[in-house]
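>>> need a structure here:
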Amino acid sequence: MRSGLTGGKRAGAAVAADANASNAAAAANAATNDADDAADAGGAPHDVFDSQGRRFHGPALEGTNILRLVDLAWFREECDDTLRARLGHHDRDAFDLVSKYALALKARDIGLPAGRLVIDAAQAAGSCRENDGGLLVDGAFQGIEIKGSGGKGAARTTFSFKDIRLQGARWRHLFLLGRIYQPASWRTVADVEPAVWLGYVARADYVAALDADGRPHHVPQDAT
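Predicted structure coming up:
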């Protein structure tokens, strides 16, 4: 995956966009090594709080977590039907689903429990508020942002991730999912992994990259 900064308002930073799926997912796993034993067991989390002191309700996080839903055969079948039928037609709901679903499949593949990583099934304003999900670390909620892009260029390995926001966004971890092609099936990680690139960027690294390139924080940026 090519990374770099582009000019103007559409500029952005893809500091780790060349990370492969295993390395990026391992970064998420390493970031949560201090979670408690209940989280390791995949149990329903207690209420957690973010750095602003906002409460995130454990039962709501548990009930809407795609990472738990991908264990269910009927859910994978529904996602497979939806993505095969609607992704090629640029359906907004399918675009939102594909990145979250692919990340959840990979997280489960490497053994990351649902008590450590939450991927919110809601498109907006769900149990994770403005975040797409969260990492649960020592009883604290750390927001995640998930961005997806279809491949461009002859090899379809160049990706453009749109409107990455800092101002008004509280995410700590950014996951970038680029789709090289649409697989024949979306049922398992073995079906999906060859078709997807996964990158990870910590917020501090993203801020440093913007600052190094002289880009403002208050304007949403694009990363290529």
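>>> give me the most central residue, this protein.
I146 (3.3 Å; C-alpha atoms, centre = their mean).
>>> can you tell me which residues contact the closest residue to that one other than its chain neighbours?
Leaving aside its chain neighbours, I146 sits nearest to D132 (4.3 Å; criterion: C-beta to C-beta, 6 or more residues apart in numbering). To be clear about C-beta, it is placed using only N, CA and C from the backbone, and glycine gets the same treatment. The neighbourhood of D132, defined by C-beta atoms under 8 Å, 6 or more residues apart in numbering, consists of K100, I119, D120, G143, I144, E145, I146, W171.
>>> just give me the neighbour total for the second one.
What it means is I119. I119 has 26 neighbours, counted by other C-beta atoms under 10 Å.
>>> what does the third one give?
Applying other C-beta under 10 Å, we find 23 other residues in the vicinity of D120.
>>> who are the contact partners of it?
D120 touches T64, N65, I66, K100, G126, S127, C128, N131, D132, G133, counting by C-beta under 8 Å, 6+ apart.
>>> swap the cut-off to 10 Å and go again
With contact set as C-beta atoms under 10 Å, 6 or more residues apart in numbering, D120 has these partners: 60-61, 64-66, 100, 126-129, 131-134, 144, 146.
>>> what does the fourth one give?
When the contact criterion is C-beta under 10 Å, 6+ apart, the partners of G143 are 50-51, 56, 118, 128-135, 169-174, 203.
>>> burial measure for L72, as a count.
10.
>>> whoops, I mixed them up, L177
23.
>>> try L135
20.
>>> so what sits opposite it in the bridge?
Counting by DSSP bridges, L135 forms beta bridges with L117, Q142.
>>> thought Q142 was touching it, still the case?
Yes: counting by C-beta atoms under 10 Å, Q142 is a contact partner of L135 at 4.5 Å.
>>> where do the helices of this structure begin and end?
Secondary structure of the chain (DSSP state H): helices at 21-30, 37-40, 58-63, 66-69, 73-86, 92-109, 189-192, 203-212.
>>> so which of these is nearest G151?
Proximity to G151 (C-beta to C-beta) singles out helix 92-109 among these, at 12.8 Å.
>>> now do the closest one and helix 73-86, the angle between them.
Counting by axes from the mean of the first three to the mean of the last three C-alpha atoms, to 10 degrees, helix 92-109 lies at 140 degrees to helix 73-86.
>>> convert helix 92-109 to PDB, retaining C-alpha atoms only.
Taking C-alpha atoms only, helix 92-109 is exported to PDB below (Å, rounded to 0.1, in the frame of the first residue of the first chain):
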ATOM      1  CA  ARG A  92     -23.600   3.700   1.600                       C
ATOM      2  CA  ASP A  93     -24.700   1.100   4.200                       C
ATOM      3  CA  ALA A  94     -22.600  -1.500   2.500                       C
ATOM      4  CA  PHE A  95     -19.500   0.800   2.500                       C
ATOM      5  CA  ASP A  96     -20.000   1.400   6.200                       C
ATOM      6  CA  LEU A  97     -20.400  -2.300   6.900                       C
ATOM      7  CA  VAL A  98     -17.500  -3.700   4.800                       C
ATOM      8  CA  SER A  99     -14.700  -2.100   6.700                       C
ATOM      9  CA  LYS A 100     -16.100  -2.900  10.200                       C
ATOM     10  CA  TYR A 101     -16.900  -6.400   9.200                       C
ATOM     11  CA  ALA A 102     -13.500  -7.100   7.600                       C
ATOM     12  CA  LEU A 103     -11.700  -5.700  10.700                       C
ATOM     13  CA  ALA A 104     -13.900  -7.800  13.000                       C
ATOM     14  CA  LEU A 105     -13.000 -11.000  11.000                       C
ATOM     15  CA  LYS A 106      -9.300 -10.300  11.300                       C
ATOM     16  CA  ALA A 107      -9.500  -9.400  15.000                       C
ATOM     17  CA  ARG A 108     -11.200 -12.700  15.700                       C
ATOM     18  CA  ASP A 109      -8.700 -14.600  13.500                       C
END
